[in-house]
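Engineer: this one's structure only:
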């Protein structure tokens, strides 16, 4: 006969439950204390008597990062930061609109670095001022009121706890992707067998850590004909035999190996459709998603290399060990260039019904532009024409709105460029539509004694849009502007103003020289150039 098992004591469950509940409560309290910063405040104290503010901390970090210029539109919430930067020798440049400040910082980042900084707000002022705004002056009555007051006091303490303790302020190292040796070797083997190689360099090629001069030497040593776009414009200087400037689509169809070095297959390369299916494509980009955009639809890479573009080109040259290519391929491309440029000369001589021929004006700009110039371009049709006719004189000497033609960059880019390179002549090429964004900043240039030179291609319209809108939709609605006296408006802001029109057609170079001289004398200058319309860019589309 089996004996039934003894029953568990009836009271055994309750102590276990109490232990579990107590443990859960303790864990919850510890978690709440951590989230409320109570543990942090045990080791980091709040100096409630200090009159220092968070702007001093931010300014110290900017100084440690090598920031020399701070562009701003003043506001009370950032005043402590601006004053702290001024005390540390960081030049504060106040603009008339915030977008100009952002574009100026962008230009500095492109030309010399470092990059953008986001400014905090809550801790810029001293403790007592923030406390006055955040915490009730009189202790509230009631449990809920006291709880809210305690929470606000605790939050304020967390903001300022340990605020003035020493801590690292310098820049942190960046993890920049690099092409693997195996990838580089495969690309070396592909390129070594090429008969008609071609390279397209984009803005990524000019990013650190590879200096522009080192990249230029590598490209020249490689000896492959190349097209330059974005920030890579000017890498090889003016009229370099390896730099092909016209007929890019035709050249891509003929090439047997194409290196896309920082260029992507977006609308600028017709999403990859301009690439020949018989060509071997090597593409290198820091971002894998951007690198492979539209691949396996209109194009297919032979080698896709994720890594820094400039470093990759240098390694490619080292792997090829002085290999050269037959000169007939580069000469064929240069001959096509010369033929295209002959058509430009013919268009420059075409008389217009009124005003100046923009093609001829830009040819004269190209002839006048000095070797120490930086070109800032901001516009549509006029700038699109200039891209074919005006050559930047060296690396990092061309600043444009980017792939999507963001208007309004001109004044900010010019501001940043002149501050970074005070010995350079900053020439800005504006469309009249785009200049509307930048006109007021000539007040900024005058106040801060920053001499830049603006050439406005004034054809009284949003011509880049009109070229497509009128033929396709039959209306010029919203595309019309006026032949505004922009030079007089600039004079009203304290700058110098000059006018070029049909009546001064034989004085274009003289007026440009006069503008140069006035800039050299320390004055910002606006040259209002009244231009007519040509068929130079017929067929171009802007959406």
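Structural biologist: Great, that's in hand. Quantities reported herein were computed from a predicted structural model and do not represent experimental measurements.
Engineer: Residue 521: how many residues sit nearby?
Structural biologist: As a burial measure, residue 521 scores 10 neighbours (other Cβ atoms under 10 Å). Using the backbone N, CA and C atoms, a C-beta is placed for each residue, glycine as well.
Engineer: likewise the one 10 residues further on?
Structural biologist: Residue 531 has 29 neighbouring residues, counting by other Cβ under 10 Å.
Engineer: Could I get the contacting residues of it?
Structural biologist: Shown in contact with residue 531 (Cβ atoms under 8 Å, 6 or more residues apart in numbering): 355, 356, 357, 358, 361, 382, 457, 458, 459.
Engineer: and these, which two are the farthest apart?
Structural biologist: Distance extremes for these: the farthest pair is 357 and 458 at 13.5 Å, using Cβ to Cβ.
Engineer: So for the two, which residue has more residues nearby?
Structural biologist: Neighbours were counted for residue 357 and for residue 458 using other Cβ under 10 Å; residue 458 has more, 30 against 21.
Engineer: so what's residue 149 scoring on pLDDT?
Structural biologist: As predicted, residue 149 sits at a pLDDT of 86.
Engineer: secondary structure class for it?
Structural biologist: helix (DSSP: H, G, I helix; E, B strand; the rest coil).
Engineer: Ok, the one 5 residues further on next?
Structural biologist: Of the three states, residue 154 takes helix according to three-state DSSP.
Engineer: Which secondary structure state does the most centrally placed residue in the chain sit in?
Structural biologist: Among the residues of the chain, the one closest to the centroid is residue 106, at 5.0 Å (Cα atoms, centre = their mean). Under three-state DSSP, residue 106 falls in the helix class.
Engineer: So it is in contact with residue 415, correct?
Structural biologist: No - Residue 106 lies out of contact with residue 415 (Cβ atoms under 8 Å); the separation is 10.5 Å.
Engineer: Low-confidence bits of the protein, can you list those?
Structural biologist: 1-13, 114-124, 539-543 (pLDDT under 70).
Engineer: any idea how it splits into domains?
Structural biologist: Domain assignment for the chain by automatic domain parsing gives 54-160, 181-333, 349-530.
Engineer: Would you mind measuring the gap between the ends of the longest one?
Structural biologist: The reference is to domain 349-530. 17 Å (Cα to Cα, to the nearest Å).
Engineer: Residue 205 belongs to a strand, doesn't it?
Structural biologist: No - with three-state DSSP as the criterion, residue 205 is helix rather than part of a strand.
Engineer: residues touching residue 155, list them.
Structural biologist: Applying Cβ under 8 Å, 6+ apart, the residues contacting residue 155 are residue 134.
Engineer: separation between it and residue 46?
Structural biologist: 12 Å (Cβ to Cβ, to the nearest Å).
Engineer: And for residue 98?
Structural biologist: Taking Cβ to Cβ, one finds residue 98 at 33 Å from residue 46.
Engineer: same check, this time on residue 506
Structural biologist: For residue 506 relative to residue 46 (Cβ to Cβ), the value is 74 Å.
Engineer: And residue 98 and residue 46? Which one has more around it.
Structural biologist: The residue with more neighbours, out of residue 98 and residue 46, is residue 46; 17 against 13, by other Cβ under 10 Å.
Engineer: what helix or strand does that one sit in?
Structural biologist: Assigned by DSSP states H and E, residue 46 belongs to no helix or strand.
Engineer: and it, what are its phi and psi?
Structural biologist: With angles defined as degrees, to the nearest 10, residue 46 sits at phi -100, psi 120.
Engineer: residues contacting residue 427?
Structural biologist: Residue 427 sits in contact with 365, 369, 373, 374, 375, 376, 452, 453, 455, where contact means Cβ under 8 Å, 6+ apart.
Engineer: What is the nearest of those residues to residue 534?
Structural biologist: Of the contacts of residue 427, the one sitting nearest to residue 534 (Cβ to Cβ) turns out to be residue 365, at 15.6 Å.
Engineer: Count the residues that sit near that closest one.
Structural biologist: Applying other Cβ under 10 Å, I find that residue 365 has 21 neighbouring residues.
Engineer: quick one, strands of the chain?
Structural biologist: For the chain, strands defined by DSSP state E occupy the ranges 69-72, 91-94, 197-201, 226-228, 257-261, 280-285, 303-306, 373-378, 398-399, 425-431, 453-458, 496-500, 525-530.
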